[in-house]
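J.: Build me a model:
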Amino acid sequence: MVAIISMVVTVAAYFVIPRPRRNHSVTPVERPTLDYFGALLITLSLVLLIFTLSQGNTGDDGWAKPYIPSLMLVCVILFMTFVGWEWWLENKTKLEPLMRMSIWSNRGFTMSMIVTGFFWASFNNYMIYATFLYVPSSLPPPLALADRRPTATKSSSTSRRSRPHCGSSRQVWPAR
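T.: Below is the predicted model of the structure:
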């Protein structure tokens, strides 16, 4: 049903939204440029953040591994360099920054980003703890574990209908 509605909206948008006028008088000097250095800084910073957060929770040593805190420090330095670079581009040059730092002075934008961050953090925590809820104390085989993981697109009622063993007293796999 959602796919049909999405298709109808897409087709309607194709006919309703006007096409932008093309301005052929743009010279190569007037074309906007991309801040490749800023893009490189933020990409490396976010890749290092995800790498350190995922590697810090693995193995016996975890956060005690010496490269984890050092990579996290490099991640923070790269992020601060990105913020400084974008501020410098916005205030000291005529080049277009990847992200204007002055947007954070808008209180509504800042608050909406904070609320969005809390929303995604709570959603991710829900997915982790819902997985723990669906996994019994005896570890199931990997495919049965994947079957028990709740997906973001199913509600509990459709999940229950599509998997009738959920919530029943019938044991799906043998206990160890």
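J.: any weak-confidence spans in the protein?
T.: The chain contains residues with pLDDT under 70 at 23-32, 134-176.
J.: Recalculate using a threshold of 50.
T.: Scanning the chain for pLDDT under 50 picks out 153-173, 176.
J.: And the strands in it?
T.: Using DSSP state E, the chain contains no strands.
J.: can you tell me which helix in this structure is longest?
T.: helix 107-134 (DSSP state H).
J.: Could I get the contacting residues of L78?
T.: 41-42, 44-45, 48 (Cβ atoms under 8 Å, 6 or more residues apart in numbering). Any C-beta I mention is one placed from the backbone N, CA and C, and that applies to glycine too.
J.: and with 10 Å instead?
T.: 40-49 (Cβ atoms under 10 Å, 6 or more residues apart in numbering).
J.: cool, L71 as well?
T.: 48-49, 51-52, 55-56, 65.
J.: distance of it from M7?
T.: According to Cβ to Cβ, to the nearest Å, L71 and M7 sit 44 Å apart.
J.: one step back: mind listing which of the contacts of L78 are in helices?
T.: With DSSP H as the criterion, helices contain 40-49 from among these.
J.: With distance to E86 as added columns, please give these in TSV.
T.: Shown next, in TSV, are those (distance: Cβ to Cβ, whole Å):
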residue	distance to E86
L40	12
L41	9
I42	9
T43	14
L44	15
S45	12
L46	15
V47	18
L48	18
L49	17
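J.: Understood, closing this out.
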